[in-house]
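K.L.:
With the input below, show me the fold.
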Amino acid sequence: MSGKSPALIALFAVLTAAGGLISIPAGPAPLTLQNLFTILSGALLGPVGGALSQAAYIVMGIAGLPVFSGGGSGMAHLLGPTGGYLIGFIAAAYISGIFSGRGKVLIGFAAGVLTIYAVGIPWLKLWLGLGWTEAIIAGAAIFIPGDIIKIIASLGIYRGVLASGVMHKWR
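P.N.:
Numbers count the residues shown, from 1 in each chain. Purely as a prediction, here's the structure:
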């Protein structure tokens with residue numbers, strides 16, 4: 001879908017922030033629902049709209065709003081060990097939107113989550129001085145079961161939103 005309504009972009013920025021309110025410590029990166037909204041933003045708003053929503057989310061956090069996981073904010077949070085995951089949200093929404101626009105929604109969701117890992121793990125490795133194996137275990141392996149559940153949930157939410165017709169009303 002290619003809806004780029006400013007209201008929908010703002011909505012997904014806020015939903016991503018809300019997804020970070022529940023933050024369960026799980027090593028250097030917490031377990032949150034943020035990537036669920038990240039991949040949904042790309043699928044429902046298209047690659048550009050999804051990426052813009054995630055960029056808006058990051059700008060809100062840099063500006064001092066407590067939107068990062070656990071209510072964090074500020075540039076220091078973005079530049080810390082989990083900053084790569086936050087930056088990965090932008091790319092993940094874009095990738096999710098590309099695949100979803102081609103009718104490959106499930107692949108788009110999986111590719112979006114893998115994109116978050118692809119940006120977040122190297123950042124985590126460098127920031128904490130970990131080896132690759134340690135970084136992959138700390139930055140991805142422990143999250144895979146939950147992310148599979150979030151991908152499946154995202155697919156159900158996506159289908160429900162499309163079936164409701166609500167996206168057409170907001171464009």
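K.L.:
Which other helices and strands does the strand or helix carrying G146 contact?
P.N.:
Assessed by DSSP states H and E, G146 sits inside helix 144-164. The contact analysis (3 or more Cβ pairs under 8 Å, 6 or more residues apart in numbering; DSSP states H and E) places helix 144-164 against helix 34-62, helix 105-128. No exception for glycine: its C-beta is placed from N, CA and C like everyone else's.
K.L.:
Out of those, which is the most enclosed?
P.N.:
Per residue and on average, the most neighbours among the helices and strands packed on helix 144-164 fall to helix 34-62, with a mean of 25 (mean count of other Cβ atoms under 10 Å).
K.L.:
same for that helix, what does it pack against?
P.N.:
So helix 34-62, by 3+ Cβ pairs under 8 Å, 6+ apart, packs with helix 6-19, helix 75-79, helix 83-101, helix 105-128, helix 144-164.
K.L.:
tell me what the third one is packed against?
P.N.:
So that's helix 83-101. Checked by 3+ Cβ pairs under 8 Å, 6+ apart, helix 83-101 has helix 34-62, helix 75-79, helix 105-128 packed alongside it.
K.L.:
For the chain, give me the ranges with low pLDDT.
P.N.:
1-4, 168-171 (pLDDT under 70).
K.L.:
switch the cut-off to 90
P.N.:
1-5, 22-31, 69-71, 77-78, 165-171 (pLDDT under 90).
K.L.:
Looking at the helices and strands packed on helix 144-164, which is nearest to G146?
P.N.:
helix 34-62 (9.3 Å; Cβ to Cβ).
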